[in-house]
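here's a sequence, model it:
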Amino acid sequence: MEVSLMDPYGTNPGPIDSSVLYDQEKHVSSAVWDGQERGALRCHEHTSKLDQWTLTAKQIELVERAGFGYLRLIPAISLDNPLISALVERWRRETNTFHLNVGELTITLKDVAVLLGLAIDGDPVIGLTYTTCHSVCEMYLGRAPDHGYTSGGMVKLSWLKELFSRCPEDAPMEIVERHTRAYLLYLVGSTIFSTTTGNKVPVMYLPLFKDFDQCGKLAWGAAALAFLYRALGNASLRSQSTISGCLTLFQCWSYFHLNIGRPKLNHDPLRNRFPFVLRWKGKQSGPTANRDIVFYRKALDSLKPCDVEWLPYRNMDSILMPDDIKSSLILGGAKTMLICFDKAEKHLPDRCVRQYGMLQAIPEDVRRWERKSRGVDGGVDLSAKMEVELNEWGNRRLQIVDGDDCVDENGYMQWYLKITRRFIGRPISLSSEFQRTNSGLRDIAHIADTFSTNGLDQQQIDLISRIRYIAHECLRGQIGGPIILPSSPEIELGKRTRGKEKVRRKGTGKRSRKDDQLQYNAVGEDNQSNFCDSAIEVDQLQLHHMNRELCSVDSEVDHLPLIDEVDEDDSMQLCNPNIGVDHPDMIHNATEGNMAELSHADIKLDEAELCDTPKEVNGLHISDTINEVVDTHICCAMDAGHPLHFSTSKEANYHSTEDVNLLKFPNTANNINSSELCHGSIKSSPHTDERAAQG
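Purely as a prediction, here's the structure:
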């Protein structure tokens, strides 16, 4: 079945086909779509104090042998938390890719190699786990931290810096190695393996630094990417508010690939050196004001192909990169499993082959995999638990992605737009969408109410009744929604049409000022509603018929709420009133229980007569946008205040109970439901009775 992708109102952000993004309900984009903003993520990276370490020449040599010679050169950069947070909203843990409007992108092994200078080829980073720090620190550092510096199998970075940040120049080799291991643990714990625990790092990496040459044979770049993938996946869940991992890599990857939030570069020759992260060294110049998460989210939602740089390193590869890094870049396109101890994440370059200069075809389905967590027992060797993942890493050279020059990328985009999440933020605000939906429901309800059932069989009549019932039920709980009146023509005086709805009563001694103006309140969009409550104060509600006064009632209509839906702009213009009164029957308690039926009455609001001709109320024009007053029951009681005057013909009919017909404001968008003005009692004065008798 062909699915239409056109959705001008943005009511379906996707995925239309949920076979790929099967965890959509857990994703932060679902929360954002529902109006549940979490704000910018707290970004955990602890690089600010790395420059406080002083390394000797011997230590630098050991660091380079261990494979971290380039990583130690990378300074702290200013993290753009809103940019990182907006990109995380586009990350999908089902595919380990960013889902953008132009297709999928991801941080690849090649990006890690050229940006950080870490090895992406070699043995996996895996080993034993620990639940305590004392023994392993004693073995590899020569000292054990106090209990205040540890937490399970983690040690505080501050303890490492306090004791090992400065190695004596004439120290024996054993002391130099211990200080260097402490530095390497601090380095990886504050950069590529930064955690959300604050300033702690697991000691399980220490045994890997025992032999520096053997350490240099490990695929630290692949481990760094596995760790970042896991951190991105966790942060993309709607329940999370923090993110860790190598955020310097993440942010600089964005600078190279996306023209969003990219700072201006100073033309410094020292920036054109390896690793490429140095291009964005230190604080960058450029405007950053008002760049919050909403700014970046909108930019990503409207991303264009010209904003994407698929091959950002093509002019730099052969010039600046070291030979050992350059020779391993072929593995940057390996479809394999990335491993960092218990963290095993899929590297899927076949979903992003345009980042390798190829045409993008529809990729293979991603087989779901279990994300395992570290064992709780000390001394657990994870190699036995991850045999499948290790075998896949071992076969990585057999899984290099290939391109196809005959690929039709239009076919890929048609497929992609069905399986992706197209929008994070709403193209139409929640309030506007609610207004549009509510208006449609009212139209349906009106059609069902007025639909003629003549000539229909009973089944068709039942269907019309069902439609009417459903529409009214949906509108019942909405502001301004109509209510279904009882089928009986007799309405008990003073009975509330909404069971438990509280009626706010006015004090009998409080009167409205005659010259009070119409007021309204606009509610902000953050409250997911743009409705305004307008209170029109009616000073002398007079009902005239044949220019004769029947009686004076010491009563007042304090506030007749007119609730209107307002769009995103803050102004509401009420103009061109054309308020008709459709045969209102005004019921009141007369003396001795008699009732007077008054019909064909014109209502005056602040001496502005609301008849079949346009008038002005307090200088504000009430127009087609004024709400329709539905089922307005003006019962036989009003609060004390200005007198309520009304007149009728000579021959006044009295009844015990009557219904109040609808006061309708034509051509309106919203309704005022069941406005009951039932306060106190209305009595005919003797003077009025005398006039009626004389009439």
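
all strands of the stretch 151-300 of the chain, in order?
In the stretch 151-300 of the chain, the strands defined using DSSP state E, counting those that start in this stretch lie at 154-156, 200-202, 242-243.

so what strands line up beside the first one?
Its sheet considered, strand 154-156 pairs with strand 150-151 (antiparallel), strand 200-202 (antiparallel) by DSSP bridges.

select, out of those strands, the one closest to residue 53.
strand 200-202 (14.2 Å; Cβ to Cβ). (C-beta placed from N, C-alpha, C; glycine too.)

tell me the buried residues in stretch 301-314?
301, 303, 307-308, 310, 312-313 (16 or more other Cβ atoms under 10 Å).

according to the record, where do the domains of the protein fall?
What the TED database lists as the domains of the chain is 14-427, 430-473.

in the protein, what spans have low per-residue confidence?
Applying pLDDT under 70 to the chain flags the ranges 1-11, 265-271, 282-290, 373-378, 428-433, 477-695.

let's see 50
Scanning the chain with the threshold set as pLDDT under 50 gives 1-6, 285, 480-695.

mind naming the longest helix for it?
Using DSSP state H, we find that the single longest helix of the chain is helix 430-450.

which residues does residue 104 contact?
95, 97-98, 351-352, 416, 420 (Cβ atoms under 8 Å, 6 or more residues apart in numbering).

try 7 Å this time
Neighbour list for residue 104: 95, 97-98, 351-352 [criterion: Cβ atoms under 7 Å, 6 or more residues apart in numbering].

any chance of those in JSON lines, plus neighbour count, secondary structure and distance to residue 381?
Putting the contacts of residue 104 into JSON lines (neighbours: other Cβ atoms under 10 Å; DSSP: H, G, I helix; E, B strand; the rest coil; distance: Cβ to Cβ, whole Å) gives the following:
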{"residue": "95", "neighbour count": "20", "secondary structure": "coil", "distance to residue 381": "30"}
{"residue": "97", "neighbour count": "24", "secondary structure": "strand", "distance to residue 381": "32"}
{"residue": "98", "neighbour count": "23", "secondary structure": "strand", "distance to residue 381": "35"}
{"residue": "351", "neighbour count": "25", "secondary structure": "helix", "distance to residue 381": "33"}
{"residue": "352", "neighbour count": "24", "secondary structure": "coil", "distance to residue 381": "34"}
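
closest one of the buried residues of stretch 301-314 to residue 174?
For the buried residues of stretch 301-314, the nearest to residue 174 is residue 313 (41.3 Å; Cβ to Cβ).

kindly provide the distance from that closest one to residue 74.
17 Å (Cβ to Cβ, to the nearest Å).

so where do the helices sit in the stretch 201-350 of the chain?
Remark: helices assigned in the stretch 201-350 of the chain by DSSP state H, counting those that start in this stretch are 212-215, 220-235, 247-257, 293-301, 317-320, 323-328.

so which of those comes closest to residue 387?
Nearest to residue 387, of the helices of the stretch 201-350 of the chain and by Cβ to Cβ, is helix 220-235 at 16.7 Å.

with just CA atoms, put the closest one into PDB.
Taking Å, rounded to 0.1, in the frame of the first residue of the first chain, the C-alpha atoms of helix 220-235 are listed here in PDB:
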ATOM      1  CA  TRP A 220      41.400   2.600  21.700                       C
ATOM      2  CA  GLY A 221      39.600   4.500  19.000                       C
ATOM      3  CA  ALA A 222      37.000   1.700  18.500                       C
ATOM      4  CA  ALA A 223      36.500   1.600  22.300                       C
ATOM      5  CA  ALA A 224      36.100   5.400  22.500                       C
ATOM      6  CA  LEU A 225      33.400   5.200  19.800                       C
ATOM      7  CA  ALA A 226      31.600   2.200  21.500                       C
ATOM      8  CA  PHE A 227      31.500   4.200  24.700                       C
ATOM      9  CA  LEU A 228      30.200   7.300  22.900                       C
ATOM     10  CA  TYR A 229      27.500   5.300  21.100                       C
ATOM     11  CA  ARG A 230      26.300   3.900  24.400                       C
ATOM     12  CA  ALA A 231      26.300   7.400  26.000                       C
ATOM     13  CA  LEU A 232      24.300   8.800  23.100                       C
ATOM     14  CA  GLY A 233      21.800   6.000  23.200                       C
ATOM     15  CA  ASN A 234      21.300   6.500  26.900                       C
ATOM     16  CA  ALA A 235      21.000  10.300  26.600                       C
END
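
now it and helix 247-257, what's the angle there?
Taking axes from the mean of the first three to the mean of the last three Cα atoms, to 10 degrees, one finds helix 220-235 and helix 247-257 inclined to each other by 90 degrees.

packing partners of helix 220-235?
helix 109-116, strand 336-340, strand 343-347 (3 or more Cβ pairs under 7 Å, 6 or more residues apart in numbering; DSSP states H and E).

quick check: angle from it to strand 336-340?
Using the same axes, to 10 degrees: helix 220-235 against strand 336-340 is 90 degrees.

include distance to residue 16 and mean neighbour count when you put the strands of the stretch 151-300 of the chain into TSV, please.
Converted to TSV, the strands of the stretch 151-300 of the chain look like this (distance: least, Cβ to Cβ, whole Å; neighbours: other Cβ atoms under 10 Å):
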stretch	distance to residue 16	mean neighbour count
strand 154-156	44	24
strand 200-202	42	23
strand 242-243	29	20
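
hmm, who's touching stretch 272-283?
70, 74-75, 77-78, 114-117, 248, 252, 255, 265, 271, 313, 316, 320-322.

could you list the alpha-carbon positions for that stretch in PDB?
The C-alpha coordinates for stretch 272-283 follow below in PDB (Å, rounded to 0.1, in the frame of the first residue of the first chain):
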ATOM      1  CA  ASN A 272      46.100  22.900  10.300                       C
ATOM      2  CA  ARG A 273      47.800  20.100  12.100                       C
ATOM      3  CA  PHE A 274      47.000  16.600  13.300                       C
ATOM      4  CA  PRO A 275      44.700  15.600  15.000                       C
ATOM      5  CA  PHE A 276      42.000  17.600  13.300                       C
ATOM      6  CA  VAL A 277      40.200  18.500  16.600                       C
ATOM      7  CA  LEU A 278      43.000  21.100  17.000                       C
ATOM      8  CA  ARG A 279      41.300  23.100  14.300                       C
ATOM      9  CA  TRP A 280      38.700  24.000  16.900                       C
ATOM     10  CA  LYS A 281      41.100  24.600  19.700                       C
ATOM     11  CA  GLY A 282      40.000  26.700  22.700                       C
ATOM     12  CA  LYS A 283      37.100  29.100  22.700                       C
END
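
before I go, just wanted to say thanks for your time.
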